[in-house]
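Student: Fold the following and give me the result.
(2 chains)
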There are 2 protein chains.
Amino acid sequence: MTKILILGGAGMVGRKLISRLASNPITPDQAITVCDIVTPDSPSAGVTYVEASLTDTAVLRNLVTRRPDVIFHLASIVSGEAEMDFDKGYAQNMFPVWEMLEAIRATSAESAYCPRLVFTSSIAVFGGPFPDKIDDDFLCAPQTSYGAQKLICETLISDFSRKGFVDGISIRLPTICVRPGKPNLAASSFFSGIIREPLNGQRAALPVSTSVRHWHASPRSAAGFLTHAAALDTALLGGRRALNMPGLSATVEEQIEALRKAAGQSAVALIDKVPDASIAKIVDGWPRDFAPSRALELGFQAEETFDEIVSVYLEEDMPSA
Amino acid sequence: MTKILILGGAGMVGRKLISRLASNPITPDQAITVCDIVTPDSPSAGVTYVEASLTDTAVLRNLVTRRPDVIFHLASIVSGEAEMDFDKGYAQNMFPVWEMLEAIRATSAESAYCPRLVFTSSIAVFGGPFPDKIDDDFLCAPQTSYGAQKLICETLISDFSRKGFVDGISIRLPTICVRPGKPNLAASSFFSGIIREPLNGQRAALPVSTSVRHWHASPRSAAGFLTHAAALDTALLGGRRALNMPGLSATVEEQIEALRKAAGQSAVALIDKVPDASIAKIVDGWPRDFAPSRALELGFQAEETFDEIVSVYLEEDMPSA
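Tutor: Purely as a prediction, here's the structure:
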């Protein structure tokens, strides 16, 4: 029996992970517990849901004392919210990871216990100026509180792992595209919106220039990164347990061409150019391209063309008419 | 009146800083408060000493509410101790920095306050494999809890600074050589010992090969880094407030040659080769050379030959006969 704990598992990536685990279980016999502040509208069959905030240390400790074999830590408030509410950002994105690691260490002190921990970090750990491609040796210099919190968690996880208290790996996700569902308040929302809305016959606003380049991976790839990280031989990571995930570097123009190939000019015509200087400025500070050699050598895989990313949406996430 | 607070100011670097501030005050009228767990045997004239641990949050908050203009944060338990006592490392090297930053933020929320904070970080934030020279864009991958704690503090200080709560800068010190006084338990102790002991007519053990290369700066340079950082225009730092300090890359053989020039073959003959595999292994994991372009452009200065480093010891620290 493999006991799997997914912290923050009610979100989009969590749902993708759960459905991947259902079709590709880590072991034939697995038990999944999800802890999140909300229980999803359509809970997955066979999954135990615990509705709690990870700032509730007693709940967190209790979940750890059940000795899950694999912990996926996906819980986080988003970049924009962590930037607006400084206290909440640290309270939600940093301290619960410390508390979780301390709970794991306390549990391992009682009797041997060293779970695999897969932590979703972000390319927000990086800050400009950037080289054309960010390689695996490039410094972290976060320019948001969210990025700082992710970097701190990575550093803690690496140190607790080095000491043998946990077997952790931090995976720095590209921007997930095409996100299913509705637009959200994230500055990156339009990267999905300009594909998703036209495919669904709706208008979409493009706030930046079509020459803007960005780093993408599909929700399917994100779920694949997580399960691959859960099964990886971490001895191969050496002393560097934070990994830039593979992805696809594409300009907005290339995104639009992929949309045209998939759904024609009539879909492209639904994109309205609505320049927004504040979004353009935020996006200008984001990484645009990576050379994620280590992750590729370790077998992590992502899409190689934006056409594939559009196909994933059409196959998995497009609401049926 | 410039109010200066030195946290962990009773150690060797703190004493060097205080004496530099005495000869080169930040403003003609300055008041220095030192907080440390011990009061030095020979306290400096005109300095107020507060004997307390920085884990005493009430004391820390009280020191901050007095609104010092410049805070030097030198307090830390050393690498070896943080490695042996995991709890103590985080309790002493990480949490007090968080508490200090929160105290500064709380103070600034009452009425405008944004002190300059100079934090002594370390080249222990780096982990191998290394390039021949570590440049300013190289990743941090600490391989000790001490290094992890320093990196976390740097990240917090940068984020609190970006938000305007403090005006911080983290300086990553080379190994300080020649340390005055007695050998200590640090694995790096011999780098000073093989110079200091022979100059004082005593035998010294060399546990590693003479081909070992390491990154050095004198105690005088360390004090200079601190006062330069306190006066720096931090707008020049952009989004990267952690800086590799300049230093001198020298092999043990080059160190020994400098000793020979300063004190002759009779001094060199006092060095005993006593190979120690465990020290050799630790030292093998340390950075050997840097290209600290940013710090040099910003006016930080260190020695350029090991002869100069020996001279600094002879001029400032050699016990008089």
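Student: Next to chain B, which bits of the stretch 201-321 of chain A? Give me the list.
Tutor: A:G239, A:R240 (Cβ under 8 Å from any Cβ of the partner chain). Placement of C-beta: from N, CA and C, glycine included.
Student: Quick check: A:G168 touching A:R162?
Tutor: No: applying Cβ atoms under 8 Å as the test, A:G168 and A:R162 come out as separate, 9.4 Å apart.
Student: With neighbour numbers in mind, choose between these two.
Tutor: A:G168 (29 against 18; other Cβ atoms under 10 Å in any protein chain shown).
Student: Please name the nearest non-neighbouring residue to A:G224.
Tutor: Closest residue in space to A:G224, ignoring its immediate chain neighbours: A:Q301 at 6.4 Å, by Cβ to Cβ, 6 or more residues apart in numbering or on different chains.
Student: ugh, wrong one, A:T65
Tutor: Closest to A:T65 by Cβ to Cβ, 6+ apart is A:T107, at 5.7 Å.
Student: who are the neighbours in contact with that neighbour?
Tutor: A:T107 is in contact with A:V64, A:T65, A:R67, A:Y113, counting by Cβ atoms under 8 Å, 6 or more residues apart in numbering or on different chains.
Student: Mind checking which of those land in strands?
Tutor: In strands, judged by DSSP state E, none of the contacts of A:T107 are found.
Student: could the residues you listed go into JSON lines alongside neighbour count and pLDDT?
Tutor: Formatted as JSON lines, the contacts of A:T107 follow (neighbours: other Cβ atoms under 10 Å in any protein chain shown; pLDDT from 0 to 100):
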{"residue": "A:V64", "neighbour count": "23", "pLDDT": "98"}
{"residue": "A:T65", "neighbour count": "14", "pLDDT": "97"}
{"residue": "A:R67", "neighbour count": "15", "pLDDT": "98"}
{"residue": "A:Y113", "neighbour count": "18", "pLDDT": "98"}
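Student: tally of neighbours for A:A109?
Tutor: 10.
Student: Give the phi and psi angles for it, as a check.
Tutor: Phi and psi for A:A109, reported as degrees, to the nearest 10, are phi -70, psi -30.
Student: and what of the one 10 residues further on?
Tutor: The phi and psi torsions at A:F119 (degrees, to the nearest 10) take the values phi -110, psi 130.
Student: Can you read off the pLDDT for it?
Tutor: A:F119 carries a pLDDT value of 98.
Student: before we move on, what about A:A321?
Tutor: On the pLDDT scale, A:A321 gets 53.
Student: For beta bridges, what are the partners of A:H73?
Tutor: A:L7, A:F119 (DSSP bridges).
Student: and it, how far is that from A:Q143?
Tutor: Using Cβ to Cβ, to the nearest Å, we find A:H73 at a distance of 23 Å from A:Q143.
Student: who's more crowded, these two?
Tutor: A:H73 (24 against 21).
Student: was I right about that one contacting A:M100?
Tutor: Yes: A:H73 is in contact with A:M100 according to Cβ under 8 Å; the separation is 7.0 Å.
Student: what's the burial count for A:K281?
Tutor: With neighbours defined by other Cβ under 10 Å, the count for A:K281 comes to 11.
Student: Let me fix that, I meant to ask about A:D87.
Tutor: Neighbour tally, A:D87, other Cβ under 10 Å: 10.
Student: which phi and psi does it have?
Tutor: phi -60, psi -50.
Student: Could you do A:V34 as well?
Tutor: With angles defined as degrees, to the nearest 10, A:V34 sits at phi -110, psi 130.
Student: Let me know whether it touches A:G46 as I believe.
Tutor: No: with contact defined as Cβ under 8 Å, A:V34 does not reach A:G46; the gap is 11.1 Å.
Student: returning to what we had before: so what's in contact with A:H73 and A:M100 at the same time?
Tutor: Overlap of the contact sets of A:H73 and A:M100 (by Cβ under 8 Å, 6+ apart) consists of A:L7.
Student: Just give me the closest of the contacts of A:T107 to chain B.
Tutor: Distance ranking of these against chain B, using Cβ to the nearest Cβ, places A:Y113 first at 16.1 Å.
Student: In contact with the closest one, which residues?
Tutor: By Cβ under 8 Å, 6+ apart, the residues touching A:Y113 are A:R67, A:I104, A:T107.
Student: can you do 7 Å?
Tutor: A:R67, A:T107 (Cβ atoms under 7 Å, 6 or more residues apart in numbering or on different chains).
Student: ditto for the one 4 residues further on
Tutor: With Cβ under 7 Å, 6+ apart as the criterion, the residues that contact A:L117 are A:I71, A:H73, A:I157, A:V166, A:D167, A:G168.
Student: Nearest residue to the third one in space, please, no chain neighbours.
Tutor: On the basis of Cβ to Cβ, 6+ apart, the spatially nearest residue to A:I157 that is not a chain neighbour turns out to be A:G168, at 3.9 Å.
Student: you'd agree A:G299 is up against A:A229?
Tutor: No: with contact defined as Cβ atoms under 7 Å, A:G299 does not count as touching A:A229 (10.1 Å).
Student: Please say which of these two ends up with more neighbours.
Tutor: Comparing A:G299 with A:A229 by neighbour count (other Cβ under 10 Å), the higher total belongs to A:A229, at 25 against 10.
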